[in-house]
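Chemist: Only the shape, not the letters, is given here:
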Ligand SMILES: *Cc1c(COP(=O)(O)O)cnc(C)c1O
């Protein structure tokens, strides 16, 4: 039986290699995974406690409306509950918006080396892909605006972008928005929002008062350390959110995830610790990349893209043999790069010494 044409053409998402799989294949132990931009400190203690409590009631369906989590988030973000959709990861939020608005006759624009989920959801609904080139590995918002046609329905922007780690600045976003008609939805994916420390960075939530076509998407998977529980959210106009909520399945976010996410929001200490471990780790890696002459793209996130200026797979495989899992990004059109997540101090050291060894430096 043949699936839909757009589905048979869909290229499957390739996740980072699990530690267990590597150890099984090579018969080794004690390897590290710095491949999926996870929080190396683990989840917040408060979130774990809340999750353990919630597990006692999993005979019940979860709250389909995520009442308490929405209330707390609304309060924190300064929006109303009616502006929020909670998803099974922010990935689901992005997908539901596409399913709500994007048809086969529409076009979606995204960056050449942007987060791959935009391409997947565009393909899954059979819409036309419009790709904005990224020769400098950054989003060129002028080029995005230039590619708008009367068929454009959704524009996907990742800020910061994964896997490049780059951001676009406030003035670029301002100029861009002036050229975007109200009928086009601009999804701003801010999965790494909490990590960014730059005065020119733009928080897309701030634009929502004046525009009803912007959706801000964030997640509990990255700095909050809850990737395995799958919780993310979107913020947008009441009207848009009400439609998107009709499309999502009624119990899309499980009760353990809701409880943990709510508790994680209170753990500001965990967030601050995570940021400082990340900052120190990023500085450490950069210092050693500079010493070794390894090229990299300056990062605003918890990962960094390195450029080996050659097929990176032999190096990737040698690192695996050293018990270090990083991430190839060929699927993102980056044929000479690897993406490295910032780990704990011990993991960063382990990675650098493995890298020195395999590069003979
Ligand atoms: C990791 C990531 C996500 C988040 O995915 P979840 O589904 O929330 O785990 C979204 N966007 C980008 C750019 C990411 O890197």
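Modeler: Yes, it's here. This is a predicted model, so every value here is computed, not measured.

Chemist: residue of this protein with the smallest distance to the ligand?
Modeler: At 2.6 Å from the ligand, residue 89 is the closest residue in the chain, using C-beta to the nearest ligand atom. Where C-beta positions appear, they are placed from N, C-alpha and C, glycine not excepted.

Chemist: how about the residues of this structure near the ligand?
Modeler: 37, 89-91, 115, 158, 162, 189, 191, 219, 221-222, 227, 232 (C-beta under 6 Å from any ligand atom).

Chemist: Could you pull up phi and psi at residue 265?
Modeler: phi -60, psi -30 (degrees, to the nearest 10).

Chemist: Quick one: residues contacting residue 110.
Modeler: 118-119, 122, 129-132, 155-157 (C-beta atoms under 8 Å, 6 or more residues apart in numbering).

Chemist: can you give me the strands for the stretch 151-300 of the chain?
Modeler: 152-158, 185-189, 214-219, 232-235, 295-297 (DSSP state E, counting those that start in this stretch).

Chemist: now those as CSV including mean neighbour count and mean pLDDT?
Modeler: Below are these laid out as CSV (neighbours: other C-beta atoms under 10 Å; pLDDT from 0 to 100):
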stretch, mean neighbour count, mean pLDDT
strand 152-158, 25, 98
strand 185-189, 25, 98
strand 214-219, 25, 98
strand 232-235, 25, 98
strand 295-297, 16, 98
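
Chemist: and those as a markdown table, adding distance to residue 43?
Modeler: Listed next are those as a markdown table, based on distance: least, C-beta to C-beta, whole Å:
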| stretch | distance to residue 43 |
| --- | --- |
| strand 152-158 | 24 |
| strand 185-189 | 22 |
| strand 214-219 | 14 |
| strand 232-235 | 15 |
| strand 295-297 | 29 |
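
Chemist: Give me the below-cutoff pLDDT ranges for the stretch 201-350 of the chain.
Modeler: Low-confidence regions of the stretch 201-350 of the chain, defined here as pLDDT under 70, do not occur.

Chemist: Report the distance from stretch 143-154 to the chain centre.
Modeler: On the basis of C-alpha atoms, centre = their mean, to the nearest Å, stretch 143-154 sits 23 Å off its chain's mean C-alpha point.

Chemist: And the furthest pair within the residues of the chain next to the ligand?
Modeler: By the measure C-beta to C-beta, 158 and 227 form the most distant pair in the residues of the chain next to the ligand, at 17.0 Å.

Chemist: most neighbours, which of the residues of the chain next to the ligand?
Modeler: Using other C-beta atoms under 10 Å as the neighbour test, the residues of the chain next to the ligand are led by residue 189, with 30 neighbours.

Chemist: just checking, it touches residue 91?
Modeler: No - taking C-beta atoms under 8 Å as the definition, residue 189 is not a contact partner of residue 91, at 9.7 Å.

Chemist: hmm, back to that, measure the spatially closest residue to the residue of the chain closest to the ligand that is not a sequence neighbour to residue 130 for me?
Modeler: Once flanking residues are discounted, residue 89 sits nearest to residue 230: 4.3 Å by C-beta to C-beta, 6 or more residues apart in numbering. Distance, residue 230 to residue 130, using C-beta to C-beta, to the nearest Å: 29 Å.

Chemist: For these two, indicate the residue with more neighbours.
Modeler: residue 230 (20 against 17).

Chemist: Could you check how far the more buried one is from residue 249?
Modeler: Separation of residue 230 from residue 249 (C-beta to C-beta): 13 Å.

Chemist: what do you get for residue 83?
Modeler: 20 Å.

Chemist: Which of these two has more residues huddled nearby?
Modeler: Set side by side, residue 83 and residue 249 show more neighbours around residue 83, with 24 against 10, by other C-beta under 10 Å.

Chemist: Tell me which residues touch the more buried one, please.
Modeler: Counted by C-beta under 8 Å, 6+ apart, residue 83 has contacts 74, 208, 235-238, 241.

Chemist: Which residues are in contact with the residue of the chain closest to the ligand?
Modeler: If you count contacts by C-beta under 8 Å, 6+ apart, residue 89 has them with 219, 221, 230-232.

Chemist: if you set the cut-off to 10 Å instead, what comes out?
Modeler: Counting by C-beta atoms under 10 Å, 6 or more residues apart in numbering, residue 89 makes contact with 95, 117, 191, 219-221, 226-227, 229-233, 252-253, 257.
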